[in-house]
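>>> coordinates only, sequence not included:
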């Protein structure tokens with residue numbers, strides 16, 4: 001099953017509004033809050049990376065024998081998720097599981113368009129440990145509760161029904177022993193647009209969800225920052241953009 005056709009929309013605002021993601025299984029809607037206030041509250045938090053960077057040189061993924069694209073830095077593990085999580089945490093990285101499948105045009109775009117941008121690839125590689133799974137695969141995976149299942153069984157167990165599905169785990173699983181899937185997640189993303197993917201990874205890395213659970217608010221302000229950096233004049237609210245000091 002491929003990602004819904006809504007992602008094909010060329011309308012920029014429609015793409016923003018329709019970005020498909022969930023927080024602990026709950027879809028989050030956009031907000032009409034004042035953009036300037038959101039900028040002050042979220043997108044200018046100290047330590048955030050710039051809203052965009054250098055796309056070149058492009059990062060070229062490899063295509064495996066499984067007919068799927070791969071990043072050289074994705075985890076090459078024994079697929080014991082609890083062990084992989086612990087190793088990532090020891091390195092100061094957040095743990096992410098990505099379900100993909102062969103023939104998925106959005107998975108291809110994720111690798112050849114979004115992750116091909118140097119600044120996005122660099123940021124994710126530096127801050128995240130990513131395990132890539134085949135939604136219909138037969139490799140054995142040890143889930144967080146210790147149960148051994150195949151990749152396709154894990155996808156069903158976690159309720160991953162689209163590809164790609166990017167799942168962000170909590171930064172600390174203390175108190176969640178024996179849990180798996182949604183109870184130990186922060187969010188999951190089915191969008192593959194560069195801005196949405198980048199902003200979500202930044203949102204997770206800097207734990208902005210602990211300050212504001214509505215990702216869309218942060219995302220819209222980051223869009224306005226990118227517009228300002230490109231010299232555009234109007235924000236997503238149709239009002240003139242004010243100069244923005246890019247953090248990072």
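Everything's here; your move. Please read all numbers here as calculations on a predicted model, not as lab measurements.

>>> out of everything not next to it in sequence, what's closest to residue 53?
residue 119 (3.0 Å; C-beta to C-beta, 6 or more residues apart in numbering). From N, CA and C alone the C-beta is placed, and that goes for glycine too.

>>> Please point out which parts of whichever strand or helix holds the one you found sit buried.
For residue 119, the host element (DSSP states H and E) is helix 118-127. Within helix 118-127, the residues scored as buried using 16 or more other C-beta atoms under 10 Å are 119, 120, 121, 123, 124, 125, 127.

>>> list the helices and strands it packs on?
helix 194-205 (3 or more C-beta pairs under 8 Å, 6 or more residues apart in numbering; DSSP states H and E).

>>> Pick out whichever of the buried residues of helix 118-127 sits closest to residue 240.
residue 119 (26.9 Å; C-beta to C-beta).

>>> what helix or strand does residue 166 sit in?
strand 165-169.

>>> Correction: the previous question concerned residue 67.
Short version, using DSSP H and E: residue 67 is in no helix or strand.

>>> next one: residue 161
Going by DSSP H and E, residue 161 is not in any helix or strand.

>>> Quick check on it: phi, psi?
The phi/psi pair for residue 161 (degrees, to the nearest 10) reads phi -120, psi -10.

>>> Before we move on, what's the pLDDT of it?
Note on residue 161: pLDDT of 96.

>>> mind checking how far it is from residue 95?
The gap separating residue 161 from residue 95 is 21 Å, by C-beta to C-beta, to the nearest Å.

>>> okay, these two: which has more neighbours?
Of the pair residue 161 and residue 95, residue 95 is the one with more neighbours under other C-beta atoms under 10 Å, namely 23 against 12.

>>> how about the more buried one, secondary structure?
State at residue 95, reduced to three classes by DSSP: H, G, I helix; E, B strand; the rest coil: strand.

>>> what sits against it?
Contacts for residue 95 (C-beta atoms under 8 Å, 6 or more residues apart in numbering) come out as 84, 85, 88, 89, 128, 129, 131, 169.

>>> Looks to me like the fourth one is in a strand.
No. Secondary structure of residue 89 (three-state DSSP): helix, not part of a strand.

>>> before we move on, the earlier item: could the contacts of residue 95 be laid out in CSV, adding pLDDT and neighbour count?
Below are the contacts of residue 95 laid out as CSV (pLDDT from 0 to 100; neighbours: other C-beta atoms under 10 Å):
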residue, pLDDT, neighbour count
84, 98, 21
85, 98, 22
88, 98, 21
89, 97, 16
128, 98, 19
129, 98, 24
131, 98, 20
169, 98, 23
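
>>> Just confirm residue 135 contacts residue 101, I think it does.
Yes. Using C-beta atoms under 8 Å, residue 135 makes contact with residue 101 at a distance of 4.6 Å.

>>> and for these two, which residues touch both?
Joint contacts of residue 135 and residue 101 (C-beta under 8 Å, 6+ apart) are residue 163.

>>> ok, the residue nearest to residue 53 touching residue 52?
Yes. Applying C-beta under 8 Å, one finds residue 119 in contact with residue 52, separated by 6.6 Å.

>>> which residues are in contact with both of these two?
By C-beta under 8 Å, 6+ apart, the residues touching both residue 119 and residue 52 are residue 198.

>>> From residue 197, how far off is the residue nearest to residue 53?
The gap separating residue 119 from residue 197 is 12 Å, by C-beta to C-beta.

>>> Show me what residue 130 is bridged to.
On the basis of DSSP bridges, residue 130 is bridged to residue 96.

>>> Please name the residues that touch it.
Counted by C-beta under 8 Å, 6+ apart, residue 130 has contacts 71, 73, 74, 75, 96, 97, 98, 124.
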